[in-house]
Structures are given as C-alpha cells and as structure tokens.
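In: Please find the sequence and the predicted model below.
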Amino acid sequence: MISEMKDNKGFTLIELLVAMAIGSIVMAAIYMTFRSQQQSYLVQEEVAAMQQNLRAAMYYIEKELKTAGCDPDFTADAALITANANSINFTRDIRGAAVGSHPDGDADDPDENITYSLVDADGDGDMDLVRDSGGGNILIAENINSLSFVYRDGAGNVLDDDGGGNVNISIPQIRSIDVSLAGTHNKTLATRILCRNLGI
C-alpha cells in the first residue's frame, strides 16, 4: 500500500511556480501586442480625422477665395482688403441683403466681407481655423498648426512680404494665392488658387 502512494505524484511547488512564470510571460506578451495594436488603431483614426479636417477647411477657403473681388456690376469695390502671411480679408458682391437675391452693388451684406485666420477658438491651447464674416468667428477646423498664404502676381512671381507678415507691394497686383494648411501628425495640404475676379 505504501508503494501505491509513492506512484501517485502531483506537481511540486517549483513546477507550479515555473508554470505560473511562463504563463505570466505569455500573458504579458499578448497584452503588449494588443495594446500596441490598439494604439496604432487610435493613431490611424486621428490621422484620418486630421486629413478630413484639412480637406474640409481647404475646400471652404478655396471656394470662397475664388470669389474674392466678385463685383458683377463694377460698383461694389470688392477686392482683397488685407493680404497677410497668416490671415486674409476680402470682400465680394455675390448677393443682396436677402438670401438668393442678385448682387446689389455693395459688399456689405452677410457673407460678403470674409476673414480667415488662426485663433484659439475653444480656449484649449490649440490653434483653430476660423472664418469671420461680420458675425463673429465660426470654427472651420480644429488643431491647425499653421495657416500660410503666399501671394503671386499675374506672371506667377511671389510677392514678398516685409518680414512682418504684410505684403510689401500693392495688393491690386495679386492674381493667385498659394494656401497651405498644416495639422497634427505632420499632415499638410497646399493648393494654388487663381483669383479670377481680381484685376478685372
């Protein structure tokens, strides 16, 4: 009977400790892989959101800058008002006081005097692209690292600024504008906009 008890061996304490250590290492490796994949997924989501943010912002800027100086009756004096390296202000005569009405010969109606610039709109410390058309800042895109404008004449030559962000030559010489938006994750979007209503 004693010999039968000697043959019934179980796990020793050392074997249990080794098995637990190996199991812990395997679980730690699985957790680290999962965590790494989760972080990669979140970064991809942020990058996709930033790209969409930049595209939407560039769409608005491009669409409206193409109408800068629009003055079908040649009576509104619509034009570029300020052309800075980091902000722009322009007017256009695209409608009357009522929505859907025809241009009325002035650029004083809603959405006819527009400024694009960067400000900390929500007070979180990150710069945001805003549009002001006289009724206060409207948020266009969040977390924009930089907004820059480069102005060109009719021959495509860059019109230099004075070092202080102001165009050093006459604004009426501007015929096209290079716009660049940079966001987080080193994402940048740039385009050249031909201002078809300027110089008419």
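Out: Right, received. Where do you want to start? Numbers count the residues shown, from 1 in each chain.
In: what does stretch 37-44 contact?
Out: residue 185 (Cβ atoms under 8 Å, 6 or more residues apart in numbering). Quick note: C-beta positions are derived from backbone N, CA and C, even for glycine.
In: got the CA positions of it in CSV?
Out: In CSV, the C-alpha atoms belonging to stretch 37-44 read as follows (Å, rounded to 0.1, in the frame of the first residue of the first chain):
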residue,chain,number,x,y,z
GLN,A,37,-2.3,47.4,-32.0
GLN,A,38,-4.9,49.5,-30.1
GLN,A,39,-2.6,52.5,-30.0
SER,A,40,-1.8,52.0,-33.7
TYR,A,41,-5.5,52.0,-34.5
LEU,A,42,-6.1,55.1,-32.5
VAL,A,43,-3.3,57.0,-34.3
GLN,A,44,-4.7,55.9,-37.6
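In: so what's the residue nearest the centre of the chain up against?
Out: The chain has residue 54 as the residue nearest its centroid, 3.5 Å off, counting by Cα atoms, centre = their mean. Counting by Cβ under 8 Å, 6+ apart, residue 54 touches 141, 144, 181, 183, 187, 188, 189.
In: What of residue 47?
Out: 185, 187.
In: centre of the chain versus the helix or strand harbouring it, how much separation?
Out: Secondary structure from DSSP states H and E places residue 47 in helix 13-65. Remark: helix 13-65 is offset 23 Å from the chain centroid, using Cα atoms, centre = their mean, to the nearest Å.
In: try stretch 78-98
Out: 21 Å.
In: again with stretch 108-126
Out: 14 Å.
In: gap between the two ends of it?
Out: 32 Å (Cα to Cα, to the nearest Å).
In: Check stretch 150-157 too.
Out: 10 Å.
In: What strand or helix carries the residue nearest to residue 58 when sequence neighbours are not counted?
Out: Nearest non-adjacent residue to residue 58, counting by Cβ to Cβ, 6 or more residues apart in numbering: residue 189, 5.2 Å away. Here residue 189 is covered by strand 188-194, with elements defined by DSSP H and E.
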